[in-house]
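Colleague: take this sequence and fold it.
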Amino acid sequence: MIYRVDKLSENNINPITRHDYDESWRVLMLTESSDYQQMCGSNNGCTYTIKTSRWKYKEWEMAVGDFIGFCEANRQNAVLVLSETDFNSAREHYEGHRYDEPFLREYEPSVLVHSTPMSCWESIRRDGMLKSWNVLKTERTITEERPIGIQLGDPPDFSDYIMFGGGVTGEIVVNSKQQGKIVMNADTEYLTGARLYFDAKRMAQDGLLVRDGCHLKVKGTLPLVPYLIWTATWETVGLASQVSTPRLFAEQADRRFQSVL
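Modeller: Numbering: from 1, shown residues only. So this is what the prediction gives:
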């Protein structure tokens, strides 16, 4: 079910049920912040929350629509924290769209990046595909008890998906896996892995791309062929060794990618 409230206190009490949140609940909060476009996580015992700034993220109405569509399709309970006027504006703006529509929108990136440790890249190449954490766990390919994102408040169903992004985000995840804790400093040394560049347009056209109001992702598995465009490693981007920083590796890989297009 989808619910709307004018305001919400970030704590463990669900404003709809008046009890603790369970794993079926999500929150999207429209904010007035000038510090971010979108940010997500769990604070003060609150359930997983996507904060979207109306001033910094001009596509906030589309984010609201995708969030609603994704939650409805997956039978998740959702709380929207925004005015009735903003809610109606978002629904009107989103009309005719779907969270899984088979084309890229003009503001969405044509290339999506997935970063992985080098040992995982070797397995990915052998399999010829990316696999979600839950698929890998079912196959007993991984031994870790929980994905690193749990420390950021990611809900369990995130493990059903392969996550994509851009910039330095994926390298932050790789470094955090190596450290066994969340490390947000993009200038700390780590062992670089593989940075995979995928054709987002083709993924969308083939009905694989899913939007949840904050992320672009694929459920289950994704074959490398025909979606993988190029792979960056420390050798292909011209680093002196495998040791680098998330920021340096991401920047050099992106520059190299642009030069090989």
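Colleague: let me see the contact set for residue 142.
Modeller: Counting by C-beta atoms under 8 Å, 6 or more residues apart in numbering, residue 142 touches 133, 136. Glycine gets a C-beta too; all of them are placed from N, C-alpha and C.
Colleague: give me the neighbour count for the closest residue to residue 214 other than its chain neighbours.
Modeller: Spatial nearest neighbour of residue 214, excluding adjacent residues (C-beta to C-beta, 6 or more residues apart in numbering): residue 50 at 4.7 Å. A count of nearby residues for residue 50, using other C-beta atoms under 10 Å, gives 21.
Colleague: whichever strand or helix holds residue 50 pairs with which strands?
Modeller: Assessed by DSSP states H and E, residue 50 sits inside strand 49-53. When sheet partners are counted by DSSP bridges, strand 49-53 sits next to strand 25-31 (parallel), strand 38-41 (antiparallel).
Colleague: just the C-alphas of that strand, formatted as PDB.
Modeller: Provided in PDB are the C-alpha atoms of strand 49-53 (Å, rounded to 0.1, in the frame of the first residue of the first chain):
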ATOM      1  CA  THR A  49      14.500   6.100   3.400                       C
ATOM      2  CA  ILE A  50      15.200   7.900   0.100                       C
ATOM      3  CA  LYS A  51      15.600  11.700   0.600                       C
ATOM      4  CA  THR A  52      15.100  13.700  -2.600                       C
ATOM      5  CA  SER A  53      15.700  17.400  -2.800                       C
END
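Colleague: mean confidence score for stretch 173-186?
Modeller: Stretch 173-186 shows a mean pLDDT of 91.
Colleague: no wait, stretch 43-51
Modeller: Across stretch 43-51, the average pLDDT comes to 94.
Colleague: what's that stretch in contact with?
Modeller: Contacts of stretch 43-51 (C-beta under 8 Å, 6+ apart): 10-12, 14, 21, 25-29, 31, 33, 36, 38-42, 63, 67, 153-155, 213-214.
Colleague: now do stretch 91-98
Modeller: Against stretch 91-98 from outside (C-beta under 8 Å, 6+ apart): 61, 62, 64, 65, 66, 68, 69.
Colleague: closest one to residue 164 out of those, please.
Modeller: residue 66 (14.7 Å; C-beta to C-beta).
Colleague: and the angle from whatever helix or strand that closest one lives in to strand 25-31?
Modeller: Residue 66 belongs to helix 60-73 when assigned by DSSP H and E. Relative orientation of helix 60-73 versus strand 25-31 (axes from the mean of the first three to the mean of the last three C-alpha atoms, to 10 degrees): 170 degrees.
Colleague: any buried residues in helix 60-73, and which?
Modeller: Using 16 or more other C-beta atoms under 10 Å as the test for burial, helix 60-73 gives 60, 61, 62, 63, 64, 65, 66, 67, 68, 69, 70, 71.
Colleague: tell me which of those residues is nearest to residue 197?
Modeller: Distances from residue 197 to the buried residues of helix 60-73, taken by C-beta to C-beta, are shortest for residue 66, at 23.3 Å.
Colleague: circling back to that earlier point, and of the buried residues of helix 60-73, the nearest to residue 241?
Modeller: Nearest to residue 241 among the buried residues of helix 60-73, with distances taken as C-beta to C-beta, is residue 63, at 40.1 Å.
Colleague: can I assume that closest one is in contact with residue 28?
Modeller: Yes: in terms of C-beta atoms under 8 Å, residue 63 counts as a neighbour of residue 28; the distance is 7.4 Å.
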